[in-house]
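Novice: Provided below are the primary sequence and the corresponding predicted coordinates.
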Amino acid sequence: MKPIWLFDLDNTLHDASRAVFWRLNGAMTDYIEAELGLPRVDADALRLRYWRRYGATLLGLERHHGIRAAHFLAQTHTLAGLEADLHMPPSHREALKRLPGRKFLLTNAPAEYAKRVLTALDLASCFEGVIAIEHMRVFGQLRPKPDVRSLRIILARHKLPAHRCVLVEDTVANLKAAHRLGLRTVWMQHYLKHNPHGPEAGIGLHGRPPWVCARIRSLRSLHAWS
């Protein structure tokens, strides 16, 4: 049977480090500065601290400051003129379009932003569904990747057998969570050299943790799995 593909978005399908992440980080810092009344340097430090601790700045803001997720996401992901800054190699786009099997987007970004990016990249028709951060709640609590409980619920909700699923991600922590549930895991490294956060957990781009089934630099490599 053909695999069921779960794709991350930023720095997996397109080069978010080049033109998107710095704008998102700035918008989040703006939001924290305005909503919490912090000096900008403290707002930026808080944004980064929550990102490192929880894997998503929003999670810390929701837990510790009562920030509403919908308001935060709407305010920080508008990014006027975003479409002009998006970049994806044409060969990757064609490889994704030709890749056999069901495809879902699984992203910690909000749904509206994700659909906007997919449309701009001419990829919207490739995906059966978009599973965004709004859909990652466990007992009412926001639980984005790499939360194992959230991923288990997502698989059950969409009736996706874990053993048939392949998660393609740039973030090794998310791959580790997926591997625990029996998914196959692919570490997409094409854009990581431009990532301002650097390789995760000191692994480096040449290492391969035991929870990573394969490392790739092109989506064309996925055709060997189908």
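Specialist: Nice, I can see it.
Novice: Next, the buried residues of the helix or strand of the chain with the lowest mean pLDDT.
Specialist: None of the helices or strands of the chain scores lower by mean pLDDT, DSSP states H and E than helix 16-19, at a mean of 84. For helix 16-19, the neighbour count (16 or more other C-beta atoms under 10 Å) marks 16, 17 as buried. Using the backbone N, CA and C atoms, a C-beta is placed for each residue, glycine as well.
Novice: Next secondary structure after that helix?
Specialist: Using DSSP states H and E, the helix or strand that follows helix 16-19 in sequence is helix 21-36.
Novice: just how off-centre is that following helix within its chain?
Specialist: Centroid separation between helix 21-36 and its chain, computed with C-alpha atoms, centre = their mean, to the nearest Å, is 18 Å.
Novice: Show me how far the least confident helix or strand of the chain is from its chain's centre.
Specialist: 13 Å.
Novice: Going along the chain, name the helices of the protein.
Specialist: For the chain, the helices defined by DSSP state H occupy 16-19, 21-36, 40-54, 57-65, 69-76, 82-85, 90-98, 111-120, 148-157, 172-180.
Novice: Next, format those helices as TSV and append distance to residue 138.
Specialist: Output for these, formatted as TSV (distance: least, C-beta to C-beta, whole Å):
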stretch	distance to residue 138
helix 16-19	26
helix 21-36	23
helix 40-54	14
helix 57-65	12
helix 69-76	14
helix 82-85	30
helix 90-98	30
helix 111-120	18
helix 148-157	5
helix 172-180	13
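Novice: Looking at those, which is nearest to residue 7?
Specialist: Counting by C-beta to C-beta, residue 7 lies closest to helix 90-98 out of the helices of the chain; the figure is 8.0 Å.
Novice: Just the C-alpha atoms of that closest one, please, in CSV.
Specialist: The C-alpha trace of helix 90-98 is given here as CSV (Å, rounded to 0.1, in the frame of the first residue of the first chain):
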residue,chain,number,x,y,z
PRO,A,90,10.5,24.0,-9.0
SER,A,91,11.9,20.5,-9.0
HIS,A,92,10.6,20.1,-5.4
ARG,A,93,7.2,21.3,-6.4
GLU,A,94,7.0,18.9,-9.3
ALA,A,95,8.3,16.0,-7.2
LEU,A,96,5.6,16.7,-4.6
LYS,A,97,2.9,16.8,-7.2
ARG,A,98,3.9,13.5,-8.7
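Novice: quick one: contacts of that helix?
Specialist: Applying C-beta atoms under 8 Å, 6 or more residues apart in numbering, the contact partners of helix 90-98 are 13, 103, 121, 122, 123, 126, 190, 218, 219, 220, 222, 223.
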